[in-house]
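**Q** I need the structure of the sequence given here:
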Amino acid sequence: MSGLQELSSLLDHANPGFVCVPPGRVEDGRRFVARVRHLSGEPAPARTLIAFSKAVVERKWQFGIGLIAINDFFERHNGVLLYAPTIPRFDIPIDRDGGIRIFPLEDWIENGVVRVHQLFDTFTVIDPGVGRDDAIAIGEVPWSSNLFGLVIRGPRAGQVVRLDHDRTLDANVVLGRRFDEFLSTICREPAHLLDELGCYTRYADGTTAEPWVPVHYTADVGALRDDEIRHASIAPRPGGAEG
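**A** This is a model prediction of the structure:
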């Protein structure tokens, strides 16, 4: 199954959610089931797809065979917001909050380079082999100051990497060797992924001020068994992307 097919399947989940625990207190037994939404933009306008093709040629962006998957994605979805809450936390609008955002194509063209430069100018970004002019920002972990960068030149062209403001040298940085593989990464084992991306994604219960950390994703919260909720925790993840 391609990454785009996996994304389409995720977007079709009618009643998705996470079993959540209090931060750092998975053993205290408290659980909250947070319902989430997956939001998708309409297909990118033809004029935007043409403008992107021109930008790729004029700016000499290199994506290799990954360009086909990028065009296929935008012909269906002009950006997505995954794992978005249904209950707002603090004063953050729920349509701007969530676990993973892929920017609309207009942002790739107009702001992709700008966002990467701002990150490098503001923070110390440690990612061996990817400099400030080697990637464009194609998405983010909302409210984290961290970006997903699509490498546009050099031996790693076509890879999607983490551009974090607090990277460490021994951390995995590659989220996909191609864009389609990146789509697979953001759809599989989302509780693990959100934890590995820094555990910035939290959910509100609408009653208390306590944030809740996702530890187990389900496509249908109505089908969760009591024992699944009671014993939910993040188990060690086998394998992982190689940087």
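**Q** show the pLDDT at the residue nearest to the spatial centre of the chain.
**A** For the chain, the residue sitting closest to the mean C-alpha position, by CA atoms, centre = their mean, is Ile100 at 2.9 Å. Ile100 is assigned a predicted lDDT (pLDDT) of 98.
**Q** next, count neighbours for His38.
**A** Other residues within reach of His38, judged by other CB atoms under 10 Å, total 19. All C-beta spots, glycine's among them, are computed from the backbone N, C-alpha and C.
**Q** what ranges do the helices span in the chain?
**A** Using DSSP state H, the helices of the chain run over 3-11, 46-58, 66-74, 105-122, 179-187, 190-196, 226-230.
**Q** which elements pack onto the first one?
**A** Spelled out, it's helix 3-11. Under the contact criterion of 3 or more CB pairs under 8 Å, 6 or more residues apart in numbering; DSSP states H and E, helix 3-11 touches strand 32-40, helix 66-74, strand 80-85, helix 179-187.
**Q** could those go into JSON lines alongside distance to Val57 and mean pLDDT?
**A** As requested, the helices and strands packed on helix 3-11 are exported to JSON lines (distance: least, CB to CB, whole Å; pLDDT from 0 to 100):
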{"stretch": "strand 32-40", "distance to Val57": "28", "mean pLDDT": "96"}
{"stretch": "helix 66-74", "distance to Val57": "11", "mean pLDDT": "95"}
{"stretch": "strand 80-85", "distance to Val57": "26", "mean pLDDT": "97"}
{"stretch": "helix 179-187", "distance to Val57": "18", "mean pLDDT": "97"}
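**Q** that older thread, can I get the helices of the chain in TSV with distance to Ala34 and mean neighbour count?
**A** Formatted as TSV, the helices of the chain follow (distance: least, CB to CB, whole Å; neighbours: other CB atoms under 10 Å):
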stretch	distance to Ala34	mean neighbour count
helix 3-11	16	18
helix 46-58	34	13
helix 66-74	27	19
helix 105-122	27	18
helix 179-187	18	23
helix 190-196	11	21
helix 226-230	12	11
